[in-house]
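[1] missing the sequence, but the structure's below:
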Ligand code: NAD
Ligand code: GLY
């Protein structure tokens with residue numbers, strides 16, 4: 001088992017990574033389940049795949065699970081579901097010192113974490129991430145949120161979990177497309193600040209995606225350790241360090257907005273193309289070698305991910321995509337910081353990017369290969 005400490009000031013916690021953690025949930029929670037009754041929030045797909053395992057794991061140790069099974073999908077991260085989930089937790093008699101379990105992907109983790117942050121001004125919660133994206137990114141670091149009419153993740157709180165148990169066995173039931181989408185966030189860590197890890201991904205990514213358990217454990221643990229270092233240094237994203245985790249996300253969010261946050265383009269798929277765009281934009285500005293940018297696109301192609309804008313069949317131009325960026329929550333006094341690269345593993349935050357130039361670049365990309 002890999003155990004990664006997340007040293008946030010005042011609330012340090014651990015991320016445990018291994019196959020089989022859910023089946024042995026109670027010992028792995030190490031005394032945190034202090035009452036017989038255990039509240040668990042999940043979604044319908046995860047409940048179908050893992051509900052019985054978790055139910056048995058709890059009952060075998062004398063606990064009584066209380067399930068709140070929400071619809072799967074991004075629409076669950078909404079005001080009405082937040083309100084009804086908080087009401088449900090109150091009905092369950094959850095106290096501040098109790099731990100609510102969040103069993104699922106980023107949607108369940110973000111919603112449950114936010115509910116926990118406001119319940120009685122903050123109760124404890126444990127992340128049980130079941131997607132690759134949630135294991136390497138969303139379950140770690142304490143960002144919680146819901147979506148509103150104005151956009152994604154615009155209402156939320158920083159609220160760290162008490163523990164994260166990343167059961168690698170959960171990835172066995174994850175749809176392949178979701179697994180690939182999460183893989184983009186693994187690659188991201190290499191591109192941000194770890195060229196050796198990117199090279200490892202080039203060598204081992206296909207085996208990891210095909211199910212190699214040793215590679216999965218290495219990739220998840222390595223990614224979490226990278227994120228833990230960043231979060232420990234800049235928990236609230238007040239210096240430029242944590243913002244590096246947004247590599248590919250500014251371009252990616254524009255693509256998600258243009259495609260209506262739909263199944264046409266999953267978040268991780270948007271991030272994958274976004275990372276290629278960030279790299280090519282950096283190369284176009286003379287910051288990094290063009291060959292390095294193309295290496296990123298080639299790796300995403302090699303693992304079966306879309307890496308080119310034209311593969312999305314968008315009916316818009318670069319200005320329309322850049323216009324989506326105006327609503328980005330990172331916009332600060334009329335400036336949108338972009339994560340650019342000086343090479344693979346050398347990301348930095350650039351606050352001087354012109355959106356007109358980004359629009360022109362996106363037009364070039366839309367015409368690429370036409
Ligand atoms: P998700 O939670 O919607 O899960 C993807 C799909 O896989 C869903 O249909 C789900 O039911 C299903 N699923 C999950 N685990 C499964 C399993 N083991 N077996 C079978 N099916 C399973 O999506 P996601 O990609 O995990 O998370 C995306 C969300 O995370 C977005 O809302 C995004 O904003 C958020 N996010 C948050 C952070 C953060 O730091 N808090 C970081 C990145 C993304
Ligand atoms: N996923 C970006 C962050 O946690 O900051």
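    Received the coordinates, thanks. Keep in mind the model is a prediction, meaning the values are calculated, not measured. Numbering: from 1, shown residues only. Ligands and ions are numbered 1, 2, ... in the order given.
[2] residue in the stretch 1-150 of the chain with the shortest distance to ligand 2?
    Closest to ligand 2 within the stretch 1-150 of the chain is residue 141: 4.3 Å, counting by CB to the nearest ligand atom. Quick note: C-beta positions are derived from backbone N, CA and C, even for glycine.
[3] for that residue, what are its contacts?
    Residue 141 makes contact with 6, 160, 227, 230, 231, 235, 242, according to CB atoms under 8 Å, 6 or more residues apart in numbering.
[4] contacts only, for the first one.
    Contacts of residue 6 were listed using CB under 8 Å, 6+ apart, and they are 12, 13, 14, 15, 140, 141, 160, 164, 228, 231, 232.
[5] again, 6 Å this time
    Residues in contact with residue 6 (CB atoms under 6 Å, 6 or more residues apart in numbering) are 13, 228, 231.
[6] now stretch 283-292, how far from the chain's geometric center?
    How far stretch 283-292 lies from its chain's middle: 27 Å, per CA atoms, centre = their mean, to the nearest Å.
[7] list the buried residues in that stretch.
    283, 284, 287, 288, 292 (16 or more other CB atoms under 10 Å).
[8] just stretch 215-231 next, same as before
    Those would be 215-228, 230-231, for stretch 215-231 by 16+ other CB under 10 Å.
[9] which ones among those residues also lie next to ligand 2?
    Contacts with ligand 2 are made by none of these, judged by CB under 6 Å from any ligand atom.
[10] what about the closest residue to ligand 2 within the stretch 151-300 of the chain, neighbour count?
    Closest approach between the stretch 151-300 of the chain and ligand 2, counting by CB to the nearest ligand atom: residue 245, at 3.9 Å. Counted with other CB atoms under 10 Å, the neighbours of residue 245 add up to 23.
[11] got it, and residue 273?
    Here the number of neighbours of residue 273 (other CB under 10 Å) works out to 25.
[12] local confidence estimate at it?
    As predicted, residue 273 sits at a pLDDT of 98.
[13] quick one: it from residue 183, how far?
    13 Å (CB to CB, to the nearest Å).
[14] please, which helix or strand holds residue 160?
    For residue 160, there is no host helix or strand (DSSP states H and E).
[15] which helix runs longest in this structure?
    For the chain, the helix that runs over the most residues, judged by DSSP state H, is helix 213-233.
[16] and it, how far out from the chain's middle?
    So, by CA atoms, centre = their mean, the centroid of helix 213-233 is 13 Å from its chain's centroid.
[17] touching ligand 1 at all, it?
    No. Shown here: helix 213-233 not in contact with ligand 1 (CB under 6 Å from any ligand atom), separated by at least 8.8 Å.
[18] what pairs with the helix-or-strand element of the chain with minimal mean pLDDT, and is each one parallel or antiparallel?
    One helix or strand of the chain scores below all others by mean pLDDT, DSSP states H and E: strand 151-158, with a mean of 92. The pairing partners recorded for strand 151-158 under DSSP bridges are strand 143-148 (antiparallel).
[19] contacting residues around the partner strand?
    With CB under 6 Å, 6+ apart, strand 143-148 has contacts from 77-78, 82, 110, 113-114, 117, 153-157, 159.
[20] angle of that strand against helix 213-233?
    90 degrees (axes from the mean of the first three to the mean of the last three CA atoms, to 10 degrees).
[21] and strand 143-148, what's buried?
    For strand 143-148, burial by neighbour count (16+ other CB under 10 Å) applies to 143, 144, 145, 146, 147.
[22] so is that strand next to ligand 1?
    Yes. Strand 143-148 reaches ligand 1 (CB under 6 Å from any ligand atom) through residue 143.
[23] how far away from the center of its chain is that strand?
    Distance, centroid of strand 143-148 to centroid of chain: 12 Å (CA atoms, centre = their mean).
[24] what about that strand, average pLDDT?
    Averaging pLDDT along strand 143-148 yields 96.
[25] now swap in stretch 93-101 and tell me
    If you average the pLDDT over stretch 93-101, you get 97.
[26] how far off centre is that stretch?
    24 Å.
[27] list the buried residues in it.
    94, 98, 99, 100, 101.
[28] related to what we said a few turns ago, which among the buried residues of strand 143-148 gets closest to ligand 1?
    Of these, the one sitting nearest to ligand 1 (CB to the nearest ligand atom) turns out to be residue 143, at 3.8 Å.
[29] any idea what the closest one is bridged to?
    Here residue 143, judged by DSSP bridges, has bridge partners residue 158.
[30] residues contacting residue 355?
    residue 322.
[31] let's see 8 Å
    So residue 355 contacts 322, 325, 326, 336 (CB under 8 Å, 6+ apart).
[32] can the strand or helix carrying residue 183 be found next to ligand 1?
    Per DSSP H and E, residue 183 falls inside helix 176-193. Yes. With CB under 6 Å from any ligand atom as the criterion, ligand 1 is reached by helix 176-193 at residue 178.
[33] so which bits of the next helix or strand after that helix are buried?
    Going down the chain from helix 176-193, the next helix or strand is helix 195-210, by DSSP H and E. Across helix 195-210, burial judged by 16+ other CB under 10 Å covers 197, 198, 200, 201, 202, 204, 205, 208, 209.
[34] for residue 339, see how far away the fifth one is.
    Computed as CB to CB, the residue 202 to residue 339 distance reads 21 Å.
[35] from the centre of the chain, point out the most distant residue.
    residue 62 (33.2 Å; CA atoms, centre = their mean).
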